[in-house]
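Q: quick one, fold the following:
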Amino acid sequence: YATQRSNQKVTDEAPAPGHAREKARAVAEQVAGIMRKMGYDNIGTVEMLMGADGSFSFLEMNTRLQVEHGVTEEVTGVDLVRAQVRSAAGERLADILPARIEAKGHAIQARVYAEDPKNFFPSPGKLKVFRPPRDPRVRIETGYAEGRDVTPHYDPMVAKVIVHAETRDRAIDSLVEALAAFEIEGIKHNIPAVLAVLRSEAFREGRVHTGLIPEVLSKKKAA
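A: This next block holds a predicted model:
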């Protein structure tokens, strides 16, 4: 479940707020059945697009882990990277995964991009300051460090900030706190835009859709 800008996800969360888990589980079981019939035998990510009427449409399948796999790991307790390596090594699925997988609590991920928070244009440059929050409750995934250059030749994502909490409200609060503590200098970044979305009434109430980011920023600009 995600917000996005320019057809690229910015926040990801699990489980989806305001939607019956049973319906999503039914779609997942249908997809898993199709994969079994195809003989697919390792990690894959099937993306579905949910319409305003609650119907699901197939979007795409990626035969690999996705950027948002961290939120799945946080709510299930399953290390998907380790699982795919063990599967590729020939281990049985029953030996890799627990007999019953349950989603516990709520996880939200924010993608920190090197881009202008107003028009989302890439903002390459040297990371004069790059200090992620030092909180053991916050999961930071990045390949960058202070002094490194963010080039225009690759995707502008510089970090993923992931939180897990007992409730969605607590997860939102934790993510807001973590992003506000993230220190970055030398490039423009999208954290101000992400914070505006996380603090918005629509996001808080779970009224999340693919056009939420421009909607929130438009209202903020008008105000």
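Q: which stretches of this structure form strands?
A: 2-5, 8-14, 45-50, 56-62, 106-113, 125-126, 129-131, 138-141, 149-150, 157-165, 183-185 (DSSP state E).
Q: between those strands, which one is nearest to Lys219?
A: Among these, the nearest to Lys219 by C-beta to C-beta is strand 2-5 (14.4 Å). C-beta here means a position set from N, CA and C on the backbone, and glycine is covered the same way.
Q: quick one: distance of the closest one to the chain centre.
A: 9 Å (C-alpha atoms, centre = their mean, to the nearest Å).
Q: mind listing what Ala181 touches?
A: Pro133, Asp135 (C-beta atoms under 8 Å, 6 or more residues apart in numbering).
Q: again, but for the one 4 residues further on
A: The neighbours of Glu185, taking C-beta under 8 Å, 6+ apart as the test, are Leu127, Lys128, Val129, Phe130.
Q: so what pLDDT did it get?
A: Predicted confidence (pLDDT) for Glu185: 97.
Q: what about it, distance to Ala159?
A: 14 Å (C-beta to C-beta, to the nearest Å).
Q: for the strands of the chain, which one ends up most surrounded?
A: strand 106-113 (a mean of 25; mean count of other C-beta atoms under 10 Å).
Q: quick one: Leu97 and Arg86 touch, right?
A: No: taking contacts as C-beta atoms under 8 Å, Leu97 lies outside contact range of Arg86: 9.7 Å.
Q: quick one: the helices in the protein?
A: 21-38, 69-76, 80-88, 93-96, 168-181, 191-198, 201-204, 212-222 (DSSP state H).
Q: between those, which gets the lowest average pLDDT?
A: helix 212-222 (a mean of 87).
Q: and that one, what's buried?
A: Burial within helix 212-222, assessed by neighbour count using 16 or more other C-beta atoms under 10 Å, is assigned to Leu212, Ile213, Val216, Leu217.
Q: one more: stretch 146-153?
A: Val150.
Q: go on, stretch 78-89?
A: Result for stretch 78-89 [16+ other C-beta under 10 Å]: buried residues Val78, Leu80, Ala83, Gln84, Arg86, Ser87.
Q: check stretch 170-180 too.
A: Residues Ala171, Ile172, Ser174, Leu175, Val176, Ala178, Leu179 are the ones in stretch 170-180 that count as buried (16+ other C-beta under 10 Å).
Q: can you list the contacts of Glu185 in a markdown table and add pLDDT and distance to His69?
A: What follows is those, written out as a markdown table (pLDDT from 0 to 100; distance: C-beta to C-beta, whole Å):
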| residue | pLDDT | distance to His69 |
| --- | --- | --- |
| Leu127 | 98 | 25 |
| Lys128 | 98 | 31 |
| Val129 | 98 | 29 |
| Phe130 | 98 | 23 |
